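# Attaching a predicted model along with its sequence, questions to come.
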Amino acid sequence: MAQDDLLEYLRKKQTFVSGEELSSQLHISRQAAWKHIQQLRSLGYDIDSVPHLGYQLTACPDRLYPAEVSAGLHTRLIGRRLHYFDQVASTMDTAMRLAQDNAPDGTVVIAETQTSGRGRFGRPWISPKYKCICCSVIVRPDTAITGVAPITLMAAVSVCAAVHRVTGLEAQIKWPNDILLGLKKVGGILTEMKGSSDRVSYVIIGIGVNVNDAPAEGAVSLARHAGRRVSRVALLQELLRQLEQYYAKFRKHELDGILDSWRQYSATLGQRVRIDMHGSRIYGIAVDIDADGGLLVRQDSGLMDKVMAGDVVHCR
Ligand code: BTN
């Protein structure tokens with residue numbers, strides 16, 4: 001698309017570019033170039049124009065536009081196809097529809113906000129507009145339904161790794177996949193899948209991160225901990241790169257690489273925990289995670305339990 005090409009040209013040049021150069025390099029009329037510049041400005045790009053010098057891109061908006069996210073992304077699979085929305089009900093539903101329509105492995109759905117974002121157990125997930133990351137990634141692993149758990153683990157690990165690379169902050173994972181900063185929740189992962197017989201057709205990995213605002217009580221934002229505004233574009237790019245690396249491990253059956261990273265980022269292992277499972281409750285020490293995503297808990301009685309679903313409270 002000529003507008004994207006023009007944006008990339010200005011981005012690469014980092015200096016003034018004449019209307020004539022734009023027109024000859026991009027094979028469009030000077031009038032068309034001017035029109036694209038106006039459109040880019042209306043999307044939030046700062047573009048200076050000086051007579052006899054031309055146009056210079058001086059600032060990009062912190063919007064998760066595909067052109068921003070793709071610039072310098074360099075992934076081969078995750079995020080090669082980006083679907084961007086200013087607002088959707090839930091990126092999970094949008095991704096599910098795209099997956100049904102054969103969207104390829106690695107397709108990403110991004111929204112600036114959601115009107116019916118959801119979390120685990122159908123809880124609401126609030127996504128303040130232009131302040132958070134909410135995205136869903138479609139993956140099509142060649143695996144049995146029983147082998148899908150490491151995908152959720154790798155998503156949580158990827159969030160922590162991306163947060164660390166972009167902000168220096170040490171986010172942690174509370175089992176099963178809450179992302180914490182300090183003791184508060186900064187993000188969450190929701191995975192949903194479709195399969196036929198015992199094989200997976202696709203998995204939708206939903207990721208929500210409170211970047212520059214924390215919507216709910218008891219939650220926190222990256223910006224609050226970092227003491228500065230955090231670039232959502234930089235964070236999303238790094239998240240997609242991390243997912244790419246960990247998904248490659250998953251596809252090569254290198255599950256230990258995923259589990260070891262999970263252990264490293266875990267806030268739960270080694271802790272005394274209370275686990276609330278629909279109607280029942282157990283206490284013990286969280287000792288390990290296994291490839292099913294199950295949490296191994298040594299109960300006070302000495303009995304080892306493997307917990308597959310529930311809410312963890314870290315006791316002190
Ligand atoms: C949780 O902690 O309970 C999981 C939260 C997952 C939220 C993300 S935001 C993007 C995607 N769309 C949704 O509706 N939910 C997930």
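Nice, I can see it.
# Quick check: the gap between V108 and the ligand.
V108 is 11 Å from the ligand, where distance means C-beta to the nearest ligand atom, to the nearest Å. C-beta: built from backbone N, CA, C; applies to glycine.
# Show the contacting residues for that residue.
I78, G79, R81, L82, H83, C135, S136, V137, I138, L240 (C-beta atoms under 8 Å, 6 or more residues apart in numbering).
# For the residue lying closest to G168 once chain neighbours are set aside, give me the backbone phi and psi.
Nearest non-adjacent residue to G168, counting by C-beta to C-beta, 6 or more residues apart in numbering: A226, 7.6 Å away. Here is the backbone geometry of A226 (degrees, to the nearest 10): phi -80, psi -20.
# I'd guessed A226 sits against T167; true?
Yes. Using C-beta atoms under 8 Å, A226 is in contact with T167, at 4.8 Å.
# These two: which has the busier surroundings?
T167 (22 against 17; other C-beta atoms under 10 Å).
# Look up phi and psi at that one.
With angles defined as degrees, to the nearest 10, T167 sits at phi -120, psi -20.
# for it, what are its contacts?
So T167 contacts L222, H225, A226, V230, L235 (C-beta under 8 Å, 6+ apart).
# By neighbours, which of those wins?
Highest neighbour count within the contacts of T167, by other C-beta under 10 Å: L222, with 28 neighbours.
# tell me the contacts of the nearest residue to that one once chain neighbours are set aside?
Distance criterion C-beta to C-beta, 6+ apart; nearest residue to L222, sequence neighbours excluded, is V230 at 4.8 Å. V230 makes contacts with V166, T167, V211, N212, L222, A223, as judged by C-beta under 8 Å, 6+ apart.
# farthest pair in those residues?
Greatest spatial distance among the contacts of V230 (C-beta to C-beta): V166 and N212, at 12.6 Å.
# The residue lying closest to M193 once chain neighbours are set aside - how many residues pack around it?
Leaving aside its sequence neighbours, M193 sits nearest to V203 (C-beta to C-beta, 6+ apart; 4.3 Å). For V203, the neighbour count with other C-beta under 10 Å is 23.
# What's opposite V203 in the beta bridge?
Per DSSP bridges, the residues bridged to V203 are V139, M193.
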